[in-house]
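Asker: Here is a sequence together with a model predicted from it:
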Amino acid sequence: MTFRQYLLKLHGRCNLSCTYCYVYEAADHSWRTKPRRMELATVRRVAERIAAYRRDASAAGASAPIAVTLHGGEPLLVGPRHLDETLTVLRDALDGTGDVAYAVQTNGVLLRDDPELLRVLRRHRVRIGVSVDGTAADHDRYRRFADGRGSHAAVAGALGILGTEEHRDLFGGVLCTVDPATDPVATYEALLAFAPPRMDLLLPHGTWGNPPPGLAGRRPPDLPPVPRPPLPEPPALAPHAPAAAEEPTPYADWLCAVFDRWYGAPRRETGIRLFEELIVLLLGGRASSEMVGTGPADLVVVETDGSLELADSLKAAYDGAAYTGLSVFRDSFAEAARHPAFRTPRPAVLCRACPLWAVCGGGLYAHRHDPGADEPFDRPTVYCHDMTVLIEHIRRRLEADVAAFNARRATHDQEVGAR
């Protein structure tokens, strides 16, 4: 494993109280014992550790671009001064170690209220991703202030600023949590109104023990009563997956509707990471995502106290699921990369026999958790049926377009040959 994504928890609290938040509203409560923000002494240690890891990788001929993302909580709660000092420390340590892309993921509220934050982000060339859940009514149903007020107006104000010619180069995109109770096309078009360069459509963090909304009756499949065999090489992608058992697929239905609207547009309106990565994988390429594909994990989370953790999504599984016992004050990133906790997860037994495994990859690791299993993560994703339907839907669209393209090319070749 080689770390290429560093997610820094700059602030451990939030100025919103989103009902579905996996940090504060799910199984894990470790945030209660962490410092409110990452102090500069911790930032310096993180920067030193990353720089040393980068130098070692470069000496070994394995240097590659990395991403450093400021996260939370709400990272901008640190204020412009601490934000500026943090980014200065990081850049001073990492400049000259290779390509580093800096980003921040924010709810956007403070960008509208404090212009100095945007000036700091511009000075340090930080790309800005904003979380927003579609229409104003849908967004405000879940993404509220602690007093119950909706946050859409404030977020829309921030997105309006990012959409101006002056700041558009900093606009990284929007992140939206899928809600099958909403109108998918209306959600997409509400997001599109902000002209984001990219969209991330995220499935809510649910598990077999705590299924996501709309899948309350879903039960994990039975595992075959055989010893776990050695991990095989990835199988070649079969033409089609077997027909799924009759199960509701509200998330696939929602995503298929958005895909058709996006893919069928007369021009490219924006990028949607999930769809683009599935297309690449279906065409035999490789994609780097926690959600799909079989690529190695490359993400490490640094908490406000300097502790090194696994992906935040695991906090939806159980209390302490992301904990590793490692810290930048004791451990290097090279040591962390060799730690068993950071090994790329093995696919579930059932997934290894599935013809879609090379595309789906078994789904997000957190979504595989089943507290009643002997091996709690030896399950397909709780979204298994939804992912099957979505992947097959995209495959059919691609096959139809490839066939149409080949037919046009054959006709063209015949016409040229007849001249």
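Answerer: Here it is on my side, so go on.
Asker: Strands of the stretch 151-300 of the chain, residue ranges please.
Answerer: For the stretch 151-300 of the chain, the strands defined by DSSP state E, counting those that start in this stretch cover 171-177, 198-202, 271-272, 299-302.
Asker: closest to R396 out of these?
Answerer: Closest to R396 of the strands of the stretch 151-300 of the chain, according to CB to CB: strand 271-272, at 17.8 Å. In short, each C-beta sits where N, CA and C put it, glycine included.
Asker: how about the strands of the stretch 151-300 of the chain in TSV, adding mean pLDDT?
Answerer: Output for those, formatted as TSV (pLDDT from 0 to 100):
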stretch	mean pLDDT
strand 171-177	97
strand 198-202	97
strand 271-272	98
strand 299-302	96
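Asker: Now do the same contact list for D386.
Answerer: Applying CB atoms under 8 Å, 6 or more residues apart in numbering, we find D386 in contact with 203, 249-252, 255.
Asker: From L310, how far off is it?
Answerer: D386 is 24 Å from L310, where distance means CB to CB, to the nearest Å.
Asker: likewise V382?
Answerer: Distance check for V382 against L310: by CB to CB, it reads 18 Å.
Asker: Neighbour count: the two, which is higher?
Answerer: Comparing V382 with L310 by other CB atoms under 10 Å, the one with more neighbours is V382, at 29 against 20.
Asker: So the more buried one: helix, strand or coil?
Answerer: Following DSSP: H, G, I helix; E, B strand; the rest coil, V382 is assigned to coil.
Asker: quick revisit: kindly indicate which of the contacts of D386 lies nearest A64.
Answerer: Set against A64, the nearest of these by CB to CB is L203 (28.0 Å).
Asker: so how many other residues sit close to that closest one?
Answerer: Around L203 there are 22 residues (other CB under 10 Å).
Asker: residue contacts, it?
Answerer: 177-178, 212, 251, 291, 364, 367, 383, 386.
Asker: again, 6 Å this time
Answerer: Shown in contact with L203 (CB atoms under 6 Å, 6 or more residues apart in numbering): 178, 383.
Asker: And the pLDDT for it?
Answerer: For L203, the pLDDT comes out at 96.
Asker: With R343 instead?
Answerer: R343 carries a pLDDT score of 84 in this model.
Asker: cool, E303 as well?
Answerer: At E303, the predicted lDDT confidence score is 97.
Asker: tally of neighbours for it?
Answerer: Counted by other CB under 10 Å, the residues lying close to E303 total 23.
Asker: Could you pull up phi and psi at the closest residue to it other than its chain neighbours?
Answerer: Nearest-residue entry for E303: K9, 5.0 Å, with adjacent residues in sequence omitted and distances by CB to CB, 6 or more residues apart in numbering. When read as degrees, to the nearest 10, the backbone of K9 gives phi -80, psi 90.
Asker: With only the CA atoms kept, save stretch 152-159 in CSV.
Answerer: Taking C-alpha atoms only, stretch 152-159 is exported to CSV below (Å, rounded to 0.1, in the frame of the first residue of the first chain):
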residue,chain,number,x,y,z
HIS,A,152,-29.4,25.9,1.6
ALA,A,153,-29.6,29.7,1.2
ALA,A,154,-26.2,30.1,2.8
VAL,A,155,-24.7,27.3,0.7
ALA,A,156,-26.2,28.6,-2.5
GLY,A,157,-24.6,32.0,-1.7
ALA,A,158,-21.2,30.4,-1.4
LEU,A,159,-21.7,28.4,-4.6
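Asker: Tell me which residues of that stretch come out buried.
Answerer: Neighbour counts over stretch 152-159 (16 or more other CB atoms under 10 Å) mark 152, 154-156, 158-159 as buried.
Asker: Out of those residues, which is nearest to R45?
Answerer: Ranked by distance to R45 (CB to CB), the buried residues of stretch 152-159 are led by A158 at 31.4 Å.
Asker: Contacts only, for that closest one.
Answerer: The neighbours of A158, taking CB under 6 Å, 6+ apart as the test, are 108, 111-112.
Asker: Could you tell me which of those residues belong to helices?
Answerer: Counting by DSSP state H, the part of the contacts of A158 found in helices is 111-112.
Asker: Same list, the contacts of A158, but as JSON lines with pLDDT please.
Answerer: Below are the contacts of A158 laid out as JSON lines (pLDDT from 0 to 100):
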{"residue": "G108", "pLDDT": "96"}
{"residue": "L111", "pLDDT": "95"}
{"residue": "R112", "pLDDT": "90"}
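Asker: Counting neighbours, which of the contacts of A158 comes out on top?
Answerer: Neighbour-wise, the contacts of A158 (other CB under 10 Å) top out at G108, 28 neighbours.
Asker: in the chain, which ranges drop under the pLDDT threshold?
Answerer: The chain contains residues with pLDDT under 70 at 59-62, 221-245, 288, 419.
Asker: For it, which segments count as helices?
Answerer: Under the criterion DSSP H, helices of the chain are mapped to 40-59, 79-94, 109-113, 115-123, 136-142, 152-162, 184-192, 250-263, 273-282, 333-337, 349-352, 357-360, 384-418.
Asker: quick revisit: greatest separation within the contacts of D386: which pair is it?
Answerer: Greatest spacing in those, by CB to CB: L203 and T249 (12.0 Å).
Asker: Grab the nearest non-local neighbour of R4.
Answerer: R4 sits nearest to D298 (CB to CB, 6+ apart), 4.2 Å away.
Asker: Could I get the contacting residues of the one you found?
Answerer: By CB under 6 Å, 6+ apart, D298 lies in contact with 3-5.
Asker: For it, give me the backbone phi and psi.
Answerer: Main-chain torsions, D298, degrees, to the nearest 10: phi -140, psi 20.
Asker: So M38 is in contact with L10, correct?
Answerer: Yes - if you go by CB atoms under 6 Å, M38 and L10 touch, sitting 5.2 Å apart.
Asker: how many neighbours does T249 have?
Answerer: Counted with other CB under 10 Å, T249 comes out at 22.
Asker: In contact with it, which residues are there?
Answerer: Taking CB under 6 Å, 6+ apart, we find T249 in contact with 385-386, 389.
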